[in-house]
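Asks: Compute the structure for the input listed below.
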Amino acid sequence: MRRIFVQGKIHPEIQVGMREIPLNDKQIPSLRIYDTHSIDVHPIRSTWPKPAEGLTQRQAAQKGIITPEMEYAAIREGVAPEIVLKELAEGKAVLPANKKHPECEPMIIGSKFLVKINANIGNSALGSSIEEEVEKMLYAVKLGADTVMDLSTGKNIHETREAILRKCPVPIGTVPIYQTLERGDLCWENFRDTLIEQAEQGVDYFTIHAGLLKDYIPLALKRTTGIVSRGGSLMACWMQTHKQENFLYTHFKEICEILREYDIAISLGDGLRPGCIADSNDEAQFAELKTLGELTKIAWDLGVQVLIEGPGHVPLNKIKENMDLQLELCHGAPFYTLGPLVTDIAPGYDHITSGIGAAVIGMLGTAMLCYVTPKEHLGLPNKEDVRTGVITYKLAAHAADIAKGNPQALLRDKALSRARFDFRWEDQFALSLDPELASSYHDESSPSTHSKYCSMCGPNFCAMRITQELL
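Replies: This is a model prediction of the structure:
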C-alpha cells in the first residue's frame with residue numbers, strides 16, 4: 001500500500017493524494033482508493049488561484065468556473081469536474097473549505113458522490129486535554145473520517161480548535177453556540193463575535209440551530225424525551241426566558257453574510273431531532289424541517305453552501321419518510337444525519353443500532369453520516385471508541401455506496417472477493433476497512449498466509465478450495 005499523487009489537468013498545480021493498493025491479481029493489478037489521511041499536513045491551498053471577486057465555491061459554480069478545489073474533489077471521486085460544478089451550482093452538494101483553512105484537502109458532500117462520514121470529537125467540562133483531542137482527530141482521519149466536528153464544551157476551546165485545525169487535512173465543523181457561552185450571556189452580539197473568531201481560525205462548516213422557532217417549543221415539550229439537541233435546548237431556554245424569537249432566525253441573513261466572506265458552509269441544525277423512537281417523525285421535528293427549507297433558499301441566494309441535519313432516533317419503517325420529506329422541503333440540499341438509531345434499547349452498542357439506520361438512509365440519498373460511538377448516551381468517547389465509531393460508519397457508508405451502484409465501491413468489493421477465492425490473504429487484509437484487525441484475527445489460529453483454508457473450516461471442509469477443484 002502506498003500513497004500516490006494525481007496531477008490536475010485544468011489546474012496542474014494540484015496534486016491529489018490517493019492510496020494505491022498493489023494486488024497479486026492479473027485482472028485487477030492495483031486499486032486506487034479515496035484517502036482522507038495525509039502524512040504531511042501543510043497549507044496546500046495557500047498557493048492555488050482563488051475565484052475572482054471573492055466568490056464562494058457555490059457562486060463560482062453558478063458562473064461556470066471550475067476551481068482547483070472542484071477539480072481536486074472530482075479526482076478523488078473519479079468523476080468529471082463538470083459533475084462537481086453542476087451539483088454545487090444546484091445546491092445539491094457542498095464543498096466545505098474555509099479560505100482560512102489552507103491545510104484542508106477539498107472534498108465534496110452530495111448524494112451523487114461517495115457517502116461521507118463525520119467523526120465528532122471534543123472535550124467536556126469533565127475531561128480531556130488538547131493533546132488528547134488532536135490525537136483523536138488524527139486517528140479518526142487515518143481511519144477514514146471525511147470530516148471532523150470539534151464539539152468542545154470544556155476548557156481552552158479556542159486553543160483546542162486551533163491545534164486541531166493546523167494539523168487537520170479534512171474539513172472541520174463546530175457548533176458555535178457552545179463557545180458563545182464563554183463570552184457571558186447568550187445573545188446575538190456574543191454569537192456573532194464567536195462566529196467571526198472561529199471563521200478567522202478556519203472552521204469549514206457551522207451547525208446553527210436557526211430553524212427552531214418559539215412556536216415549536218410546546219410541540220417538543222409533549223415528547224417522551226423533549227429536546228435532546230444541546231444547541232436546540234439552549235436556544236429554547238433563551239426564547240422561553242426572553243419571550244423572543246430565536247435570534248439565529250431573526251439574524252439569519254447577517255449570519256450568511258459572515259459565512260459568505262470566508263466561504264463557510266452552513267449545516268442547518270436539527271434542534272428538534274427525535275431523541276427516542278416514540279418521538280420520531282413527529283410534528284415538532286417536521287415543523288422545524290420546513291423552516292430549514294425556507295432558510296436554505298435564503299442562504300443560497302446569498303451564495304452560501306447548505307447542509308441539512310437530520311435525526312436522530314427513527315425506526316426502520318419511518319426512515320424513508322424522513323429522506324423523502326427532506327428532499328421535498330429542503331429543495332434537494334444534501335442531508336447529514338446522526339444515524340439514525342433504529343432502537344433505544346442498546347446502550348453500549350449504539351454504534352450498531354445507528355449503523356443499521358445509517359446504511360439505510362445512506363442508500364436512500366443521505367450525503368453524510370455522523371458517526372455514533374459505543375459511548376453514545378453514556379460518556380465521552382476515548383480513542384478506541386473513535387476507532388469503533390469510524391469503522392462502523394465507514395462500513396455503513398460503503399454498504400450504501402454499493403446499493404447506489406457506485407463504481408469505486410463495487411470494484412473494491414470485487415477485488416476483495418477475488419482475493420478471498422484465491423486465498424490471497426495479504427490482498428484481503430489490504431482491501432479491508434480495518435486491515436490490522438482482519439490480519440490479527442486470521443493470525444490468531446492460522447499464522448500462515450499461504451494456506452488454502454482458515455481455521456473456521458480447516459483443510460477438508462473449505463467450500464472455496466473444493467470449488468476450485470471443480471474448475
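Asks: where are the low-confidence patches of this structure?
Replies: In the predicted model of the chain, residues 447 satisfy pLDDT under 70.
Asks: where along the stretch 201-350 of the chain do the strands fall?
Replies: With DSSP state E, counting those that start in this stretch as the criterion, the stretch 201-350 of the chain has strands at 205-208, 265-268, 306-310, 335-338.
Asks: can you tell me which residues contact Arg192?
Replies: 251, 254-255, 258 (CB atoms under 8 Å, 6 or more residues apart in numbering). (Each C-beta comes from the backbone N, C-alpha and C, glycine too.)
Asks: Regarding Ser152, what is its secondary structure?
Replies: coil (DSSP: H, G, I helix; E, B strand; the rest coil).
Asks: can I assume it is in contact with Tyr178?
Replies: Yes. Under the criterion of CB atoms under 8 Å, Ser152 makes contact with Tyr178 at 7.0 Å.
Asks: Can you report how many residues lie near His450?
Replies: 7 (other CB atoms under 10 Å).
Asks: Quick check: longest strand in this protein by residues?
Replies: strand 15-22 (DSSP state E).
Asks: which residues are in contact with the helix or strand following it?
Replies: Counting by DSSP states H and E, the next helix or strand C-terminal to strand 15-22 is strand 30-34. Strand 30-34 has contacts (CB under 8 Å, 6+ apart) with 4, 18-23, 76-77, 114, 408, 411-412, 415, 431.
Asks: Kindly recompute the last result at 10 Å.
Replies: 1-2, 4, 6, 16-23, 25, 75-78, 107, 113-114, 116, 144, 146, 408-409, 411-412, 414-416, 427, 430-431 (CB atoms under 10 Å, 6 or more residues apart in numbering).
Asks: sorry, back to before: just the contacts of Arg192: which are in helices?
Replies: Among the contacts of Arg192, the residues falling in helices (DSSP state H) are 254-255, 258.
Asks: Got phi/psi on the most centrally placed residue in the chain?
Replies: Centroid-nearest residue in the chain, with CA atoms, centre = their mean: Asn118, separated by 2.8 Å. Note on Asn118: backbone dihedrals following degrees, to the nearest 10 are phi -110, psi 140.
Asks: Spit out the contact partners of it.
Replies: By CB under 10 Å, 6+ apart, Asn118 lies in contact with 109, 140, 145-149, 170-171, 173, 205, 267, 336, 338, 368-371, 390, 393.
Asks: at 6 Å what do you get?
Replies: Taking CB atoms under 6 Å, 6 or more residues apart in numbering, we find Asn118 in contact with 147, 149, 368, 370.
Asks: Quick check: the last one touching Pro340?
Replies: No. Between Cys370 and Pro340 there is no contact under CB atoms under 6 Å: 10.2 Å.
Asks: In terms of neighbours, single out the busier of Ser152 and Tyr178.
Replies: Ser152 (25 against 20).
Asks: quick one: that one from Leu395, how far?
Replies: Ser152 sits 27 Å away from Leu395, going by CB to CB, to the nearest Å.
Asks: Kindly tell me how buried Lys320 is, as a neighbour count.
Replies: Here the count is done by other CB under 10 Å, and Lys320 has 15 residues near it.
Asks: Glu200 too?
Replies: By other CB under 10 Å, 11 other residues sit near Glu200.
Asks: so which of the ones in helices among the contacts of Arg192 is the most crowded?
Replies: Among the ones in helices among the contacts of Arg192, the one with the most neighbours (other CB under 10 Å) is Ile255, at 27 neighbours.
Asks: If anything else comes up later, I'll come back, but that's it for now.
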